[in-house]
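Asker: I need the structure of the sequence given here:
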Amino acid sequence: METQRNAQQIKDEVSLVEFLSRLGHQPTHRSGKDLFYRSMLRNESTPSFCVNDGLDVWFDHGGANLSGIKGGNVIDFALAYWHPITFRKSLEKINHIMDLPTKEASIDLDRQKRPRQKATRLANYTIQEIKELGSTAAITKYLKKRGIWEEAQDHIKEIHYRIEGGPKQGKTYFSAGWQNENGGWELRNRIGTFDFKACLGRKGISFYNGSPDKLAMFEGFLDFLSWRKDNPTATDSIIVLNSVNLLEIGIAKSRNFPVISAYFDRDNAGETALKLLQQQLPQAKDCSETYLNFKDYNEMLLARKPTRLPWEEDNIYDKMLATYKR
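Answerer: Reported below is the predicted structural model:
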């Protein structure tokens, strides 16, 4: 009975789109309520793996895979993805990846189902130009306000792109861009009072090879560059997840490091990610106390009062004249 309850809980609470994202799979485009992926169950070049994120079901239009399962719910997908695997083992793997409880003492019949998380509408785009920093004043201003202008020089580019479909078709935009290992661009910018975050292309982590003995892991590149500002001579290998949903990929890449320093956000998502990381890699150390009382490393960096040279002090001339008064 416990297995049956667990299966129902998974079907009720787990978003298939979110589950695929945690496995590192992102849609290529949307058509109505359907999201299309390049099938992860077989090799293909034209996306034909379809997810209806309203009904939370999938169907692979491209044909059969080794499991013979062509569609269904998230559990059916797990059975196809990890074929051959037992039903019980598939539930355990979903629990592990989504960090769900594996045991329940009783069934809560009044439990509310989690609202389905709608995937962001994906716009068709064309990258028009990739420029070095300093070409666009607004991007320069944004990075300087985040306190990481100098550190960004070797890591960030200016991405200028055009929307090719939807209500914003024909409009052009630009943002600071950080490239992940799949060639996608993680975009950040400030638009009025809104912090803009998006990704052009396929999501992925970013890995920088350094010392084989120690690794530093971050949720996003703003925190990594903030840490780099405080640790300019550090030789750690670096993993930037670019999304906590990609933690499993980061864990797989981190297994051989004897020392792992985790600089995750001090919020529910960061704490959950840290717990999962330490469950699988006990050598991982929580370093978030470095920015105690702040959400993340960059927030701490921005809260610091800048060091001011003597001639930059307020009312400096009045202070100087006061020393000459008798």
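Asker: for residue 284, see how far away residue 142 is.
Answerer: 32 Å (Cβ to Cβ, to the nearest Å). C-beta: built from backbone N, CA, C; applies to glycine.
Asker: got it, and residue 168?
Answerer: Taking Cβ to Cβ, one finds residue 168 at 41 Å from residue 284.
Asker: and what of residue 159?
Answerer: 32 Å.
Asker: residue 146 now?
Answerer: Counting by Cβ to Cβ - residue 146 and residue 284 are separated by 26 Å.
Asker: same check, this time on residue 15
Answerer: Distance from residue 15 to residue 284, by Cβ to Cβ: 26 Å.
Asker: same deal with residue 277?
Answerer: From residue 277 to residue 284 the distance is 5 Å (Cβ to Cβ).
Asker: overlap in contacts, these two.
Answerer: Common neighbours of residue 277 and residue 284, using Cβ atoms under 8 Å, 6 or more residues apart in numbering, are 217, 260, 262.
Asker: more neighbours, residue 146 and residue 284?
Answerer: For the pair residue 146 and residue 284, the greater number of neighbours falls to residue 284 (22 against 19), based on other Cβ atoms under 10 Å.
Asker: which non-adjacent residue is nearest that one?
Answerer: The spatial neighbour of residue 284 that comes closest, neighbours along the chain excluded (Cβ to Cβ, 6 or more residues apart in numbering), is residue 260 at 4.2 Å.
Asker: what about the one you found, neighbour count?
Answerer: By the measure other Cβ under 10 Å, the count of residues near residue 260 is 24.
Asker: so what does the helix or strand hosting it touch, helix or strand wise?
Answerer: Using DSSP states H and E, the element containing residue 260 is strand 259-263. Strand 259-263 sits against strand 211-218, helix 221-230, helix 268-280, strand 284-286, with contacts defined as 3 or more Cβ pairs under 8 Å, 6 or more residues apart in numbering; DSSP states H and E.
Asker: thinking again about what came up before, show me what the residue nearest to residue 284 is bridged to.
Answerer: With DSSP bridges as the criterion, residue 260 is bridged to residue 215, residue 284.
Asker: the nearest residue to residue 37 once chain neighbours are set aside and residue 90: what is the separation?
Answerer: Distance criterion Cβ to Cβ, 6+ apart; nearest residue to residue 37, sequence neighbours excluded, is residue 49 at 4.3 Å. According to Cβ to Cβ, residue 49 and residue 90 sit 18 Å apart.
Asker: could you do residue 290 as well?
Answerer: Residue 290 sits 39 Å away from residue 90, taking Cβ to Cβ as the criterion.
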